[in-house]
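Visitor: With the input below, show me the fold.
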Amino acid sequence: MLIVINRGCGGFDLSKEAIKELALRKGWKLKRDNWGDYIMVFPDGNESWWSPIWLDRKDSDLIAVVQELGEDANTEYTELKIVEIPDNIDWEIIENDDGSEMIAEKGHIWK
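Guide: As a prediction, this is how the structure comes out:
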């Protein structure tokens with residue numbers, strides 16, 4: 001199984017280019033606010049600031065965007081990495097105090 005994590009300091013995030021590419025693949029409607037941040041426009045017309053916490057880290061479109069964009073998928077504070085772990089295990093992403101992440105399963109850690 002492939003999972004996207006952040007190995008940089010500052011917490012998980014995507015570059016504007018990566019957000020735009022992911023939105024195209026997903027069919028999401030986005031617009032930019034006055035500061036250049038993305039706002040998600042839902043089918044019912046409601047809006048919300050786009051947030052990376054909504055993402056499924058094992059999503060095939062997310063993985064493809066990170067693979068294709070490489071370093072351009074990162075922000076100033078992220079270092080995205082695709083980690084492969086065995087299928088069919090109970091895993092979680094653990095965020096360190098500095099915002100970097102690792103994947104853990106009882107008795108195992110992948111960095």
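Visitor: Only C-alpha atoms from now on, for both contacts and neighbour counts.
Guide: Noted.
Visitor: what comes up buried for the helix or strand of the chain with the lowest mean pLDDT?
Guide: Ranking every helix and strand in the chain by mean pLDDT, DSSP states H and E puts strand 108-110 at the bottom, with a mean of 72. By neighbour count with 16 or more other C-alpha atoms under 10 Å, strand 108-110 contains no buried residues.
Visitor: What helices and strands are in contact with it?
Guide: strand 101-105 (3 or more C-alpha pairs under 8 Å, 6 or more residues apart in numbering; DSSP states H and E).
Visitor: Partner strands of the strand it packs on and their direction?
Guide: strand 92-95 (antiparallel), strand 108-110 (antiparallel) (DSSP bridges).
Visitor: Report the buried residues of that strand.
Guide: Counting neighbours by 16+ other C-alpha under 10 Å, one finds that the buried residues in strand 101-105 are 101-104.
Visitor: now do stretch 1-17
Guide: Residues 2-16 are the ones in stretch 1-17 that count as buried (16+ other C-alpha under 10 Å).
Visitor: Quick one: mark the members of those that sit in strands.
Guide: 2-6 (DSSP state E).
Visitor: So which residues of this protein form strands?
Guide: Under DSSP E, the chain gives strands at 2-6, 29-32, 38-41, 47-49, 80-84, 92-95, 101-105, 108-110.
Visitor: Make CSV out of those strands and add distance to Asp61.
Guide: Below are the strands of the chain laid out as CSV (distance: least, C-alpha to C-alpha, whole Å):
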stretch, distance to Asp61
strand 2-6, 11
strand 29-32, 16
strand 38-41, 17
strand 47-49, 20
strand 80-84, 13
strand 92-95, 19
strand 101-105, 20
strand 108-110, 22
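Visitor: Name whatever forms a beta bridge with Tyr38.
Guide: On the basis of DSSP bridges, Tyr38 is bridged to Arg32.
Visitor: quick one: it and Lys31, what's the gap?
Guide: Tyr38 sits 6 Å away from Lys31, going by C-alpha to C-alpha, to the nearest Å.
Visitor: Alright, calling it a day.
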